[in-house]
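**Q** just need the structure, nothing else, for what follows:
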Amino acid sequence: MAFNGSGTYVLPGAALATGAVISSSEHNTFRSDVATALTTCITRDGQSPATANIPMGGNKLTGLAAATVAGDAVRYEQIPTASSLGLVIGTNVQAYSANLDEYAAVNPTAAGLALLDDADAAAQRVTLQAQQLDDQLSSLIRQNSNSAAYTLVLTDSGKHILHPSADTTARTFTIPANASVAYTIGTALTFINQNGAGVITISITSDTMRLAGAGTTGSRTLAANGLATAIKITSTEWIISGSGLS
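**A** Down below sits the predicted model:
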C-alpha cells in the first residue's frame, strides 16, 4: 500500500500473531511495498529529485545555501529591497497611499486620457480648446506678431495676428483646414497689417472663405493699415470682412 496519499505509511497485510507461520508471499509483498514507499521519498544526499510540487504546509525551508546561479532558491537576505537598490521611497518610487487603491479603480475615458497625456497646463488648454484665465479677457484681444509666412494654430483663436511695420516684405497668413486644426464654430481671427508693412495675403487651406457682402471666395489681400476679421460659421466655412481688404 505504501503511502496513503496524505504522507502516512500503512503496512500491508495483517499483523502476525505469535507462533504464526511466515508466508514467503506475504513477506515478499511487504518487502516490495517498503521498497516502493522508500523510492517515493526524497533522499538526503540528493540522489532523487522531487517529481511533483512539495506543499510546505506553512513551514519554512531553513538552512539554504546562498543562491549563485539562475534557478537557485534564494535566501531571505538575498531578496533586494528599495534601499539595497538605491531607491528612496517617495523620491524614486511611489510611497504607499490608501488613495492608490481608489486610483486603481478609476477607468478614465478617452478624453480623460488625452488630458493626462498632455505635458502641461498649456497643452491641456489646447486639448480643451480653452483660453488661459485672464482678468481682462473680455476686453483684451491678445497679439501674435509675425514677420514671416505663418499658418495659424489652435491657440490663435480669439487673437489678432499682427504684421508689424518693421517687416516690409509681403507675407501670406494661412487659416488651416478644419481637418488639421478644428477651430470651434464661432471662432474669430483678426488680422492687422501695421503702417508701412508689406501686403498680407490671407489664404485658407482647402476650406471656404467668403468675402462679406460680395460672397466671393478665395484668398484676400490686406493693405498696410488694414484690419480684417474672419469668423468661422460652419465646420469648413469662414466669412471675412474688414478695412483695406480686397
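
**Q** pull the longest helix from this structure.
**A** The longest helix of the chain (DSSP state H) is helix 24-39.

**Q** tell me the first helix or strand C-terminal of that helix.
**A** Using DSSP states H and E, the helix or strand that follows helix 24-39 in sequence is helix 98-104.

**Q** that next one: which residues count as buried?
**A** Of the residues in helix 98-104, none count as buried by neighbour count, 16 or more other CB atoms under 10 Å. Every residue, glycine included, has its C-beta placed from N, CA and C.

**Q** same check, this time on stretch 219-233
**A** Neighbour counts over stretch 219-233 (16+ other CB under 10 Å) mark 220, 222, 224, 226, 228, 229, 230, 231, 232 as buried.

**Q** what's it in contact with?
**A** Stretch 219-233 is contacted by residues 163, 165, 172, 175, 183-204, 209, 211, 238-246 when judged by CB atoms under 8 Å, 6 or more residues apart in numbering.

**Q** picking that back up, pLDDT on the longest helix of the chain, on average?
**A** On average, the pLDDT along helix 24-39 is 84.

**Q** can you give me the buried ones in it?
**A** 33, 37.

**Q** quick one: contacts of that helix?
**A** With CB under 8 Å, 6+ apart as the test, helix 24-39 has contacts from 1, 2, 3, 9, 11, 12, 13, 48.

**Q** pick the one among the residues you listed closest to residue 142.
**A** Distance ranking of those against residue 142, using CB to CB, places residue 48 first at 82.4 Å.

**Q** ok, for that closest one, nearest residue in space, not its chain neighbours?
**A** Spatial nearest neighbour of residue 48, chain neighbours left out: residue 42 (6.0 Å); criterion: CB to CB, 6 or more residues apart in numbering.

**Q** and the longest strand for this protein?
**A** For the chain, the longest strand by residue count, based on DSSP state E, is strand 220-234.

**Q** and that one, how far out from the chain's middle?
**A** Computed by CA atoms, centre = their mean, to the nearest Å, the chain-centroid distance of strand 220-234 equals 41 Å.

**Q** same thing with stretch 22-33?
**A** 71 Å.

**Q** pull the CA atoms of that stretch into CSV?
**A** Taking Å, rounded to 0.1, in the frame of the first residue of the first chain, the C-alpha atoms of stretch 22-33 are listed here in CSV:
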residue,chain,number,x,y,z
ILE,A,22,5.6,-16.6,8.0
SER,A,23,4.5,-16.9,4.4
SER,A,24,7.1,-16.1,1.8
SER,A,25,4.5,-14.4,-0.4
GLU,A,26,3.4,-12.1,2.4
HIS,A,27,7.0,-11.4,3.3
ASN,A,28,7.9,-10.6,-0.3
THR,A,29,4.8,-8.4,-0.6
PHE,A,30,5.9,-6.5,2.5
ARG,A,31,9.4,-6.0,1.1
SER,A,32,8.1,-4.8,-2.2
ASP,A,33,5.8,-2.3,-0.5
